[in-house]
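# Sequence first, then the predicted structure, then my questions.
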Amino acid sequence: MRSAAGNRYLAEMGGRRTNEQAAVAAEQAKADEQARADAETAAQFEAEEAELIASGHAEEAAALHAAREEAARQKELERQQAAEAAAAAQLQAANAAAEIGPDALGLSADVRDYGAIRGAMEHVVDRFGKMDIVVSGAAGNFLAPVLGMSANAFRTVVDIDLNGTFNVFRGCHDLLNTPGASLIAITAGQAVNASALQAHACAAKAGINQLIRVLALEWGPHVRVNGISPGPIANTEGMARLAPDADSRQKHYDRIAMKRWGEIEEVAECAVFLSSPAAGYITGTILDCDGGSQVGDASRIDLAKGMA
């Protein structure tokens, strides 16, 4: 049976999952700056167009005008998409907060944007006071070989996972209720075990594990820093992408000692434990919540053979 604290943590972690969808939210925050840049570009186009007309190059001026119109349409489409994504992310955060209760606050910010994350946490502190517990769980992943992955794709996952964790923890340090504050980063088994088609996630998660250890050394004894390494967890966006059909899911089940995926509640209970007095002497630790995934591949074992 889940504890009441576990239920609260489950709801909070559910709200934090919106960070994955909120990765584009910073675009809306930068809308005014982009609009100014667009206005300057438009003015430059108009000046060049007028100069071409004045010098008798009407065809070149028409081509320039068409290019300017197309660029403006594309920019407007991008702004609309960013605004819609930001509004959806904020609504999702608000809905997650409503599920927790009337005293909860739902905010959306891009973990890649230090200023946005810092602003969101300052908002939290203004309303509730300094923070006792901070969980950094934003992540991005997809399957691709290194030769089929662009530098930008690799960078994006590292930015969300590793740089995002740094931004959250660095940004919250002076906003923590110390001594006794607990920081928890969500990492993954790819930090330890190389996984083909996931070079970006392996690198990012390995960095998170080392960041946890370094911060535990630097920020103790006033702040404890730990990590949770979930295995495959049901009803999450990540597993929906990595195992989208029944056959791929069954292969996962076969490899896991517990023969099932984990539940979000089980990860939440790990966070409750690491933030509780029962874990008061634990820091710099990565807690596996993976059904034995890190132990080995259970699909190679037929326990029925050789048994009396």
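Thanks, I have it.

# CA atoms for contacts and neighbours, from now on please.
Noted.

# Looking only at residue counts, what's the top helix in the protein?
helix 58-100 (DSSP state H).

# For that helix, name the packing helices and strands.
Using 3 or more Cα pairs under 8 Å, 6 or more residues apart in numbering; DSSP states H and E, the elements in contact with helix 58-100 are helix 4-16, helix 18-21, helix 25-29, helix 31-54.

# Which residues belonging to the following helix or strand past it are considered buried?
From helix 58-100 onward toward the C-terminus, using DSSP states H and E, the following helix or strand is helix 114-128. When neighbours are counted by 16 or more other Cα atoms under 10 Å, the buried residues of helix 114-128 are found to be Tyr114, Ala116, Ile117, Arg118, Ala120, Met121, Glu122, Val124.

# Between the residues you listed, which sits nearest Ala196?
The closest of these to Ala196 turns out to be Tyr114 (Cα to Cα; 30.8 Å).

# Show me the helices in the stretch 151-300 of the chain, by range?
With helices called from DSSP state H, counting those that start in this stretch, the stretch 151-300 of the chain shows them at 151-158, 164-172, 199-219, 237-242, 246-255, 264-274.

# What average pLDDT does the longest helix of the chain get?
The pLDDT scores in helix 58-100 average 80.

# what distance separates it from the centre of its chain?
A distance of 22 Å separates the C-alpha centroid of helix 58-100 from that of its chain, computed with Cα atoms, centre = their mean, to the nearest Å.

# Check stretch 227-245 too.
Stretch 227-245 has its C-alpha centroid displaced from the chain centroid by 13 Å (Cα atoms, centre = their mean).

# now swap in stretch 105-117 and tell me
Mean-position distance between stretch 105-117 and its chain equals 11 Å (Cα atoms, centre = their mean).

# then that stretch to PDB, C-alphas only?
Output of stretch 105-117 as PDB, limited to C-alpha atoms (Å, rounded to 0.1, in the frame of the first residue of the first chain):
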ATOM      1  CA  LEU A 105       1.400  25.200  -7.700                       C
ATOM      2  CA  GLY A 106       1.900  24.100 -11.300                       C
ATOM      3  CA  LEU A 107       4.500  25.900 -13.400                       C
ATOM      4  CA  SER A 108       6.200  25.200 -16.700                       C
ATOM      5  CA  ALA A 109       9.700  26.000 -17.600                       C
ATOM      6  CA  ASP A 110      12.400  24.700 -20.000                       C
ATOM      7  CA  VAL A 111      15.200  23.000 -18.000                       C
ATOM      8  CA  ARG A 112      17.700  24.000 -20.700                       C
ATOM      9  CA  ASP A 113      17.000  27.700 -19.900                       C
ATOM     10  CA  TYR A 114      18.700  28.500 -16.600                       C
ATOM     11  CA  GLY A 115      16.900  31.800 -16.200                       C
ATOM     12  CA  ALA A 116      13.500  30.300 -16.800                       C
ATOM     13  CA  ILE A 117      14.200  27.500 -14.200                       C
END
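
# Thanks a lot, see you next time.
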